[in-house]
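> Sequence and predicted structure below; questions after.
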Amino acid sequence: MSTPKTIYDKIWESHIVDTNDDGTTILYIDRHLVHEVTSPQAFEGLKLSGRKVRRPEFTLATADHNVPTVDRDKGIADPDSKLQVETLEMNAKENNITYLPMTDKRQGIVHIVGPEQGFTQPGMTIVCGDSHTSTHGAFGALAWGIGTSEVEHTLATQTLVQTKAKNMCIKITGKVVEGVTGKDIVLAIIRKIGTAGGTGYVIEYTGEAIRNLSMEGRMTVCNMSIEAGARAGLISPDEKTFEYLRGRPLAPKGEVFEDAVNYWKSLATDEGAHYDSVVEVKADEIIPQITWGTSPEDVVSIDGFVPDPENEKNADKKKSIERALDYMGLEPNMPVNEIKIDKVFIGSCTNGRIEDLRAVSQIAKGRKVEKGVHAMIVPGSGLVKEQAEREGLDKIFIEAGFDWRDPGCSMCLAMNADKLQPQERCASTSNRNFEGRQGRGGRTHLMSPQMAAAAAIRGKLTDFRDL
Amino acid sequence: MEKFNKLSGHAIPLRITNVDTDMIIPKQFLKTIKRTGLGEFLFYELRYDQDGNKISSFALNQEHYKGASILIAGKNFGCGSSREHAPWSIADYGIKCIIAPSYADIFYNNCFKNGILPIILDEATVSRLQDTSDSILNFNIDLEKQNITFLENNEKKEISFEIDSAKKKCLLEGLDDIGLTLNKVASIGHFEEGQENEIPWLYGNKLK
């Protein structure tokens, strides 16, 4: 018997092209997603050095960060954003890379488009110049975010020079209670291990609560691996994974699909495989989670309180709590479910999929967004938007007073026109609550789609189960 | 790529933990299609108020730190987004070395692609250096020897640091790593042939 291996070990070993003298590994990259923000300098670098894209057919490009989410037919108003999107389109064309333009209904956030098209498959290595590439790990792919220099390296060589990370297992034991989502699970994990807890590791999520999640829920969990410091997070594939992939445009077809399933099944972590670190979280102890501060580790349960820096013994931590409270405009010890909000953002690569929108519609149905609150819903892709409209969800949203928009990254990072004004407070389903992330001076509270929808209805943070 | 061998300069202490790349270079400056010219926007929202006036309490705006080439930062520096605009803006500003207790992975790797040396020292040492950096005119950083030397109260001090040998070589020689990988293009082709045999469905399928 060979040594039992983790899924990470298996994918790593099956992609080794060569080993360099310095011990680093040249790792083959099966798929590369490209967007407008982190790629122009990479294409420029290629051009300047007279190099070509090695495998244009393994590369898929779309614009997501800069695109407007209203009035699409008028184009992009901001000249810099417009130039960046046009540059991507030109680079894709010149290099024979498939590009999904804003007018294509398949356009959307790269991490939503990849899985939707079957571009993402188990066992693959997938990279993108975007830290939330970890999302694709939900399929049992090894997927991680890279910088622009590595985007150029991937374009030119279809490989990356890498050093193997350590294996971490995060096991979510037992079942979650009703209403607890993938978002709550991952926020609870980050609360426990911190934003640097996964640094140097690839996280594998295991346990009953993970198995019970839909593919959408698993994507939400893997998406935020980077917020726990890990470049990649993955889940061994199972029947749910295979069913999700069946019939997708780029998934294998017919008999080949069955061959693929057999191969995909062999990827799961072997019994007895070694992890360098194991973390256990009890699923039934998780209730809806929200962030109070300016780091994704500043997490508290919805029945909890804003922390008091006076209770913190570590001087650095005390200082960072004080800084966060000041930025967030919050008082120590106040119950978090009394925090009033001005805006709601539902969308992003974390929570912009159809299941998220269905969950929001359940809350929104027959209710109204609180007066004075602006609540936007931004589907993750044109196909998510189309599906939602087919199910009549758009009517529920509009009837309830939500602002139903076109797909893109939108106010997750506020690179387009969608942003918070200074001191505005937002209930957001995105992934980062950093200072200024959703607009300078803006205050972000991260939570699940259900919780964000409930915040829109009540005008304050609230346990949606109490509505 | 840019080389890094030795550096001599004074340092800016930045006493914030978990500095994220949004803080290093906010999103409004990511719309560029160039790598250059980002230094003036480094730490933009800490440096300038909402009307664009300099915030005098922030170190980068203080005369004392003008021309500094070293940043002494808090732990988990560079977390968040993978944007290489973060090291681009740092290098463009003139900072070629960062000293911190820890870094986020992607940022750490991005530094080496841009001639920036990210040194890791224990928290107590970093904290001490932050406290004393104002009175130290020159930190001498020697990557080959893996040490930092400086004069403190007329006494010569030396702190050594660890660094992965491959990463050290990459900075010392300023290698073109794409060129190096392309030297192994035969191995890449060989790998692809093998993979296509074994996992044929990965090949020849393109979105229409």
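Arrived safely.

> what residue lies at the spatial centre of chain B?
With the centre of chain B defined as its mean C-alpha position, the nearest residue by C-alpha atoms, centre = their mean is B:Cys111, 3.6 Å away.

> Verify the contact between that residue and B:Asp105 for me.
No. The pair B:Cys111 and B:Asp105 fails to qualify as a contact (C-beta atoms under 8 Å) at a distance of 11.1 Å. (Glycine included, C-beta is placed from N, CA and C.)

> returning to what we had before: ok, and the closest non-adjacent residue to the residue nearest to the centre of chain B?
In space, and not counting its chain neighbours, B:Cys111 is closest to B:Pro118: 4.6 Å by C-beta to C-beta, 6 or more residues apart in numbering or on different chains.

> Can you give me every residue that contacts the one you found?
Under the criterion of C-beta atoms under 8 Å, 6 or more residues apart in numbering or on different chains, the contact list for B:Pro118 reads B:Phe77, B:Cys97, B:Ile98, B:Ala100, B:Tyr103, B:Phe107, B:Tyr108, B:Cys111, B:Phe112.

> Identify the residues contacting the second one.
Listed by C-beta under 8 Å, 6+ apart, the contact set of B:Cys97 reads B:Phe4, B:Leu7, B:Gly9, B:Ser69, B:Ile70, B:Leu71, B:Ile116, B:Leu117, B:Pro118, B:Ile119, B:Ile141.

> Skipping its backbone neighbours, what lies nearest the third one in space?
Okay, so that is B:Gly9. B:Ser69 (3.5 Å).

> what residues are up against the one you found?
When contacts are counted by C-beta under 8 Å, 6+ apart, B:Ser69 touches B:Leu7, B:Gly9, B:His10, B:Gly94, B:Ile95, B:Lys96, B:Cys97.

> Quick check: bridge partners of the last one?
This points to B:Cys97. Partner residues in beta bridges with B:Cys97: B:Ile70, B:Leu117, with DSSP bridges as the criterion.

> Next one: it relative to A:Ile26, how far apart?
Between B:Cys97 and A:Ile26 the distance is 28 Å, computed by C-beta to C-beta, to the nearest Å.

> same deal with the fourth one?
For B:Gly94, the distance to A:Ile26 under the criterion C-beta to C-beta works out to 34 Å.

> Please say which of these two ends up with more neighbours.
In this view B:Gly94 and A:Ile26 are compared by other C-beta atoms under 10 Å in any protein chain shown, and A:Ile26 has more residues nearby, 21 against 14.

> Can you give the distance of the strand or helix carrying the more buried one from its chain's centre?
Secondary structure here is read from DSSP states H and E; on that basis A:Ile26 sits in strand A:25-28. Centroid separation for strand A:25-28 versus its chain: 25 Å, with C-alpha atoms, centre = their mean, to the nearest Å.

> Quick one: residues in contact with that strand.
By C-beta under 8 Å, 6+ apart, the surrounding residues in contact with strand A:25-28 are A:12, A:15-20, A:125, A:158-164, B:181, B:184, B:187-188, B:191-192, B:195.

> Run through the residues that contact the residue nearest to A:Asp284 when sequence neighbours are not counted.
Once its chain neighbours are removed from consideration, A:Asp284 has its nearest residue in A:Gly174; the separation is 5.1 Å (C-beta to C-beta, 6+ apart). With C-beta under 8 Å, 6+ apart as the criterion, the residues that contact A:Gly174 are A:Gly207, A:Glu208, A:Ala209, A:Lys282, A:Ala283, A:Asp284.

> Show me which positions of the strand or helix carrying A:Leu46 end up buried.
A:Leu46 is part of helix A:40-48 when elements are defined by DSSP H and E. Under the neighbour-count criterion of 16 or more other C-beta atoms under 10 Å in any protein chain shown, helix A:40-48 has A:Pro40, A:Gln41, A:Ala42, A:Phe43, A:Glu44, A:Gly45, A:Leu46 buried.
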